[in-house]
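A.B. asks: Here is my input; please provide its structure:
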Amino acid sequence: MDDRFDFVIIGAGAAGEASANMARSRGASVAVIERELVGGSCPFWACMPSKALLHAAAVHAAGGPYDWPRAAARRDWIIGRKGTGKPSDAGHVRDLERAGAIVLRGSGRFAGPGRVLVMGPGGSRGRTLRAQHVILAIGSEPAIPKIDGLDDLRVWTNRDATSTRELPSSLAILGGGATGVELAQVFARFGVRTTLVASQPRVFHRGHARNSAALEATLRADGVDIRLSARAIRVRPGAGRNGAHVVDLSDGSTAQGHEVLAAVGRTIPLDGLGLETIGVDASTGRFQVGPDLQIAERVFVAGDPAGAGMFTHVAWYQGEMAVRIALGDEVRPDFRAIPHAVYTEPEVAGVGLLLEQARAGGHDAFEETVDLAMTAKGETAEATGHVTIVVDRATRTLLGAFVAAPAASEVIHEAVLAIRAGVTLDVLADTIHAFPTAARVLGTCFGLAVRTLDAGPAGRR
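C.D. replies: As a prediction, the model looks like this:
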C-alpha cells in the first residue's frame, strides 16, 4: 500500500531538515528521503570542518600548540567520525525522528504528480509515497572541470580537503572562490606548499574589490603562490618534482601539487529524479523557480537548486519558507539581504549590491569607505581591512555593505537587518556602537554617508 504524507522531502541537508522541522511544528506528516548523510554537506564536508580547520590553522600560525594531528582530531570529533569510517549522522537522524518525521534511506524519484518512489541500492525499488506536497532539497555536488589529463588522477574536492588526515606534500587549488581561498589558507598555514589558480583577475571576484585585495594580501603573507587570470588547460600526472602533478596554465606557466583540488563551483544532481513525470524540463541543469519556490504544482525547491545562493543559511530559510507557502501562509521569500562571508584571517563579508550593480539597477548610488588600519580597532588589533557601504541617495537607505576586518561575519548583520528593514542612514548613524569595534567603524561609515547626503549636489560623487 502507498504511504501518505503531507510532505515528502527529497534530501536531508540544511533545506530538508528545515522543511521537516517547520512542517512538523505545524502538525503536518513528513517523510524525508536521504541517499547519503542526513545533515548534508555542511556539518560533514563543508562549513563545520572547514571552519574548525581555519581556527586551528590560525592558532598554529600564531605559534600556538595546534599541530595538524590535533586539528584533524578536533575536526573528526566535530563531524562524528570514529576510526577510519565515514562521519556519523546519528544525531541528525535522531533529531528528525524526535520531531516526528519519518527518515528513509535511499534516493527519491518522482513517479508522477504526488507520487515518489524510494529507490534503494542498485536502483532497487522500495516504498511508494503519496505526497500532498514535495520539497526538492537535493543540494549540490562539487564540479570537476573538463581539463585534459585530469581524469588520469584522483582529483580532490572539498570533501577530500576537509576530511584528510594526512597533509599533502604540496597542493594545487583550481578556483579562487570562497572554498579555494579558505582551504588555501588552511594548508599554507600548516606548511603545505600551496598554489592557487584563479581564472579571474582577482580572487573572490564576485565580491567587493577591496575584499578581494584583503584576501589576496593575507594569502600571499601566508606563502600561497597566487596565479591570477590563468586557467588550467592540461594536467600531467606525476610529471613534477618528487612525483607532483603538473598543471599547465593558459598564461604559459605551470603549477605543481601532489594533490590537485577542484574548487571551481558546484552542480545540481538532477539525474534520476523522474522530473519528466511531473512535466519539469531540467535539461539545462537548472530549474525555473517561481517566486513561490515552486517548479510544478505542489512541488517546491529549496537550497542550492533554488538558485538564490549556495549558502546554508539561505537553504534553511528557503526550507522553512517552502513549507509556509505550501500551508497557505501569505509569504514570499525576500533575497535582498543575503549575507556572505569568507572565514579566513581576516574575515571578509558582504551583503547587498556593489556600487556598479546598484547603478546598473537604476539607483542614484554612491560609496563610502573607511580604512580599518586608521581606526581604533585597526590600531588595537593590529588589523588592516576596510568598511565600505553603498547608499541610495533618493531613499537615504543602505543598498550594500562590505567588510574586511576581525569578526566581519558578525559585524555584517547590522547591515543585513538595515537592508531588510529599510532603515535609513540617519537612524543608522545615530545608533550607538561599542568602542573600539569593527561595528563602530561601520557606524563611522554611516555618519560619513549622512554628511555626504546632507551636502547635496556639493557632496555628489
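
A.B. asks: which residues of the protein score low on pLDDT?
C.D. replies: 1-2, 83-84, 122, 459-461 (pLDDT under 70).

A.B. asks: Longest strand of it, counting residues only.
C.D. replies: What stands out as the longest strand in the chain, according to DSSP state E, is strand 125-136.

A.B. asks: Which strands or helices does that strand pack on?
C.D. replies: The contact analysis (3 or more Cβ pairs under 8 Å, 6 or more residues apart in numbering; DSSP states H and E) places strand 125-136 against strand 3-10, helix 14-25, strand 115-119, strand 299-301, helix 312-326. In short, each C-beta sits where N, CA and C put it, glycine included.

A.B. asks: out of these, nearest to L261?
C.D. replies: Ranking these by distance to L261, with Cβ to Cβ as the measure, places helix 312-326 first at 20.9 Å.

A.B. asks: Give the other helices and strands that the closest one contacts.
C.D. replies: The criterion is 3+ Cβ pairs under 8 Å, 6+ apart, and the helices and strands that helix 312-326 contacts are helix 14-25, strand 125-136, strand 299-301.

A.B. asks: other SSEs contacting the first one?
C.D. replies: I take that to be helix 14-25. Packed next to helix 14-25, using 3+ Cβ pairs under 8 Å, 6+ apart, are strand 3-10, strand 30-34, helix 90-99, strand 125-136, helix 312-326.

A.B. asks: got a list of contacts for that helix?
C.D. replies: Here helix 14-25 makes contact (Cβ atoms under 8 Å, 6 or more residues apart in numbering) with 6-7, 9-10, 12, 30, 32, 34, 38-40, 42, 92, 95-96, 99-101, 135, 137, 139, 302-304, 312, 315-320, 322-324, 327.

A.B. asks: Helices of the stretch 301-450 of the chain, residue ranges please.
C.D. replies: 312-326, 355-360, 376-381, 408-421, 425-429, 438-454 (DSSP state H, counting those that start in this stretch).

A.B. asks: So which of these has the densest surroundings on average?
C.D. replies: Neighbour counts (mean count of other Cβ atoms under 10 Å) averaged over each of the helices of the stretch 301-450 of the chain peak at helix 312-326, with a mean of 24.

A.B. asks: Give me the angle between it and strand 30-34.
C.D. replies: What separates the directions of helix 312-326 and strand 30-34 is an angle of 140 degrees, with axes from the mean of the first three to the mean of the last three Cα atoms, to 10 degrees.

A.B. asks: circling back: any chance of the helices and strands packed on helix 312-326 in TSV with distance to E367 as columns?
C.D. replies: As requested, the helices and strands packed on helix 312-326 are arranged in TSV below (distance: least, Cβ to Cβ, whole Å):
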stretch	distance to E367
helix 14-25	33
strand 125-136	39
strand 299-301	35
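
A.B. asks: Switch these over to TSV; also include distance to E414 and mean neighbour count.
C.D. replies: Formatted as TSV, the helices and strands packed on helix 312-326 follow (distance: least, Cβ to Cβ, whole Å; neighbours: other Cβ atoms under 10 Å):
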stretch	distance to E414	mean neighbour count
helix 14-25	24	26
strand 125-136	32	21
strand 299-301	31	26
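
A.B. asks: G447 is in contact with V427, isn't it?
C.D. replies: No: using Cβ atoms under 8 Å, G447 and V427 do not qualify as a contacting pair, with a distance of 11.9 Å.

A.B. asks: and G238, which of the helices and strands packed on strand 125-136 is closest to it?
C.D. replies: Relative to G238, the nearest member of the helices and strands packed on strand 125-136 by Cβ to Cβ is helix 312-326, separated by 37.0 Å.

A.B. asks: Centre of the chain to the closest one, how far?
C.D. replies: 16 Å (Cα atoms, centre = their mean, to the nearest Å).

A.B. asks: got the angle between it and strand 3-10?
C.D. replies: Relative orientation of helix 312-326 versus strand 3-10 (the same axes, to 10 degrees): 150 degrees.

A.B. asks: The longest strand of the chain pairs with which strands?
C.D. replies: Each strand that strand 125-136 pairs with, and the sense of that pairing, follows from DSSP bridges: strand 3-10 (parallel), strand 115-119 (antiparallel), strand 299-301 (parallel).

A.B. asks: So which of those strands is the most surrounded?
C.D. replies: The most buried stretch of these, if neighbours are counted by mean count of other Cβ under 10 Å, is strand 299-301, with a mean of 26.

A.B. asks: who touches stretch 160-171?
C.D. replies: Counting contacts by Cβ under 8 Å, 6+ apart, the residues touching stretch 160-171 from outside are 45-46, 49-50, 53, 68, 72, 75-76, 79, 81, 156, 183, 186-187, 190-195, 242, 244, 256-261.

A.B. asks: what's the offset of it from the middle of its chain?
C.D. replies: The chain centre lies 21 Å from the centre of stretch 160-171; the measure is Cα atoms, centre = their mean.

A.B. asks: And that stretch, what's buried?
C.D. replies: Under the neighbour-count criterion of 16 or more other Cβ atoms under 10 Å, stretch 160-171 has D160, A161, T162, S163, T164, L167, P168, S170, L171 buried.

A.B. asks: just checking, which of those belong to helices?
C.D. replies: With DSSP state H as the criterion, helices contain D160, A161, T162, S163 from among the buried residues of stretch 160-171.

A.B. asks: between those residues, which is nearest R206?
C.D. replies: Comparing those against R206 with Cβ to Cβ picks out A161 as the nearest, at 21.0 Å.

A.B. asks: Strand partners (parallel or antiparallel) of the helix or strand following the longest strand of the chain?
C.D. replies: The C-terminal neighbour of strand 125-136 among helices and strands, as given by DSSP states H and E, is strand 141-142. Using DSSP bridges, the neighbouring strands of strand 141-142 in the sheet come out as strand 266-267 (antiparallel).

A.B. asks: which helices and strands sit right next to the helix or strand following the strand it pairs with?
C.D. replies: Of the helices and strands lying after strand 266-267 in sequence (DSSP H and E), the nearest is strand 294-296. Contact analysis of strand 294-296 by 3+ Cβ pairs under 8 Å, 6+ apart lists strand 299-301 as its packing neighbours.

A.B. asks: quick revisit: among the helices and strands packed on helix 312-326, which comes closest to L215?
C.D. replies: L215 sits nearest to helix 14-25 of all the helices and strands packed on helix 312-326, at 25.1 Å, using Cβ to Cβ.

A.B. asks: Count the residues that sit near V247.
C.D. replies: Other residues lying near V247 total 28 when counted by other Cβ atoms under 10 Å.

A.B. asks: Run a quick neighbour tally on G85.
C.D. replies: 8.

A.B. asks: now it: how far from D426?
C.D. replies: Spatial separation of G85 from D426 under the definition Cβ to Cβ, to the nearest Å is 57 Å.

A.B. asks: Can you give me the buried ones in stretch 364-379?
C.D. replies: Burial within stretch 364-379, assessed by neighbour count using 16+ other Cβ under 10 Å, is assigned to A365, F366, E367, E368, V370, L372, T375, K377, G378.

A.B. asks: Run through the bridge partners of the fourth one.
C.D. replies: Same thing as E368. For E368, the beta-bridge partners are I389 (DSSP bridges).

A.B. asks: residues contacting it?
C.D. replies: E368 makes contacts with T388, I389, V391, C445, L448, A449, T452, as judged by Cβ under 8 Å, 6+ apart.
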